[in-house]
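S.K.: everything below, folded, please.
(chains A and B)
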Amino acid sequence: MIRTLAIEVPHKLNEKVFLQGWVYNLRPIGKLCFLVLRDRSGTVQAVLYDRADLAQQLREESVIELVGYVRRDERAPNGCEVLISDLKILSTPPEALPIQINRPRAALNTRLETLLEHRVLGLRHPEIGAIFRVQAELVHGFREFLTHEGFLEVHTPKIVASGTEGGTELFPVQYFDRTAYLAQSPQFYKQMLVGAGFERVFEVGPVYRAEPHSTTRHLNEYISLDIEMGFIESEQDLLALEARLLRHIFARVRERCARELAIYSATVPDVPDKIPQITLAEAQEILQERFNKQNAGDLDPESERLLCRYAQEELGCELLFVTHYPREKRPMYAMPDPEDPTLTRSFDLLYKGLEITTGGQRIHRYEMLVESIRGRGLDPKNFEFYLEVFKCGMPPHGGFAIGAERLTMQLLNLANVREASFFPRDRTRLTP
RNA sequence: GGGGGUGUGGUGUAGUGGCCUAACACGCUGCCCUGUCAAGGCAGAGACCGCGGGUUCAAAUCCCGUCAUCCCCGCCA
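M.R.: Residues are numbered from 1 along each chain as shown, chains lettered A, B, ... in the order given. Below you'll find the predicted structure:
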């Protein structure tokens, strides 16, 4: 018999259906027993009459399959339910579950830590699972848009010989008789592939940061949505591309995730043709004048929140580009601003008070890049594998990266980025 | 790397020197219940209060150490 999904049941009135899934909720009432079955599509109520023998064996989260008739009943949720004629228990939890999942998230009374400790169970919760349905659509939208724009999806090594910034914040791994590192970014490789003739590339993949941070917005392994493109005129091409990209991604989520967005009271931002942009220097002036906040160096988290408040109130946008970061704040491959060589043609994108993107135009001239590497006190010899492409003809180019978990987190108003990672790796968590 | 907080049944909390033989809610076990939907009723099991040491007539409660964990900052996506 062909399987019917829970979500399809209301369309099968007066038909016989075959369902498979988990027992989400169990309510025995004397000789009848209500059970809510959950499968990948959602939940549906089923009812078992006069089968105390079977009802007795059922437990929450038992895996079952059943055959039954779909009937209309005003008393049932959604006005219909499945009258069970045949039920088979495929698997039963041997003991009490460590956490409850069959009630609204707000009524769960379980700390995030505990939820993560028992992640597979936690992920069964419809509200938690919804996060990843949204994330999958975000990522799908990313791929879809870029593919249509002529970008090639690529895969670059995660085991690398050196970092992109000079050696800190890398996880060492034993690579036969040498020490290698987990890639903190596909930066070098995506640039090399632009120069290898693909011109436009993107990658969805993990990156590793060995920073010992322990905050609600940092992970030590996260999914980076990376793009790099050749033949740009300036970083403005990238800002324009990201605006169109985000508009596409958000449109897709709005269209396909109405239910999930509602769960989190999330509203998809309208992305204007031109996302507002300010330079870092302007940002600092605004912080000083409007919020009386000194912020000499980079923007701290509070500054990011204040700037987004400003953008929302004055510019009517939840998104804000901050541009022209000073050279010392950016990696050696960042293109200096021709009008002020102490600055770079780089940018960050803030979304609801959090940085979700960093990007910029890169240096494409070999000599300039070597000089920049030396300027950092680094040895160009260590970057020969990277530099070769610059000796063989490299177009002006640039790119950016979006943190997938951060994007998900901000869209859904999650309090902790860990919620947007299936199995988050943080300072102390290595399992599950 | 710096700062702050918290560790009490499976989960979430209360209790901050003696009335604690540790309370409450949910979960769990058993019984009852033919319309439940965060079901209800009755009965029951389950924690030597993170760990080690100390102070005290008396410690879940105070002190020291240790481990674990959460949050903020630095840094970043």
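S.K.: my read: A:Gly279 touches A:Val322, true?
M.R.: For residue A:279 the amino acid is Thr, not Gly. Yes: A:Thr279 lies in contact with A:Val322 (CB atoms under 8 Å); the separation is 7.3 Å. In short, each C-beta sits where N, CA and C put it, glycine included.
S.K.: which of the two has more residues huddled nearby?
M.R.: A:Val322 (26 against 17; other CB atoms under 10 Å).
S.K.: and that one, that's in a helix?
M.R.: No: per DSSP: H, G, I helix; E, B strand; the rest coil, A:Val322 lies outside any helix segment and is strand.
S.K.: who are the contact partners of the nearest residue to it once chain neighbours are set aside?
M.R.: Once flanking residues are discounted, A:Val322 sits nearest to A:Asp348: 4.9 Å by CB to CB, 6 or more residues apart in numbering. Residues near A:Asp348 by CB atoms under 8 Å, 6 or more residues apart in numbering: A:Leu299, A:Phe321, A:Val322, A:Tyr325, A:Glu355, A:Thr357, A:Thr358, A:Gly359.
S.K.: surely A:Leu32 and A:Leu48 touch.
M.R.: Yes: A:Leu32 is within contact range of A:Leu48, at 6.7 Å (criterion: CB under 8 Å).
S.K.: neighbour count for the two, which is higher?
M.R.: A:Leu48 (23 against 14).
S.K.: mind checking the SS state of the more buried one?
M.R.: strand.
S.K.: what bridges to it?
M.R.: A:Cys33 (DSSP bridges).
S.K.: let me know the pLDDT of it.
M.R.: With respect to pLDDT, A:Leu48 scores 93.
S.K.: that one and A:Ala55 touch, don't they?
M.R.: Yes: the pair A:Leu48 / A:Ala55 is scored as a contact, 5.8 Å apart, by CB under 8 Å.
S.K.: who touches both of those two?
M.R.: Between them, A:Leu48 and A:Ala55 share these contacting residues under CB under 8 Å, 6+ apart: A:Cys33.
S.K.: list phi and psi for the residue of the stretch 251-400 of chain A found nearest RNA strand B.
M.R.: Closest to RNA strand B within the stretch 251-400 of chain A is A:Asp300: 2.5 Å, counting by CB to the nearest atom of the strand. Main-chain torsions, A:Asp300, degrees, to the nearest 10: phi -80, psi 170.
S.K.: ok, it - how many residues close by?
M.R.: Neighbour number of A:Asp300 under other CB under 10 Å is 12.
S.K.: figure out how far the strand ranked longest in chain A is from the centre of its chain.
M.R.: Longest strand in chain A, counting residues (DSSP state E): strand A:16-29. Put simply, strand A:16-29 sits 32 Å off its chain's centre (CA atoms, centre = their mean, to the nearest Å).
S.K.: who does it touch, helix- and strand-wise?
M.R.: Secondary-structure packing of strand A:16-29 (3 or more CB pairs under 8 Å, 6 or more residues apart in numbering; DSSP states H and E): strand A:32-39, strand A:42-49, strand A:63-72, strand A:80-91.
S.K.: out of those, which comes closest to RNA strand B?
M.R.: strand A:32-39 (3.3 Å).
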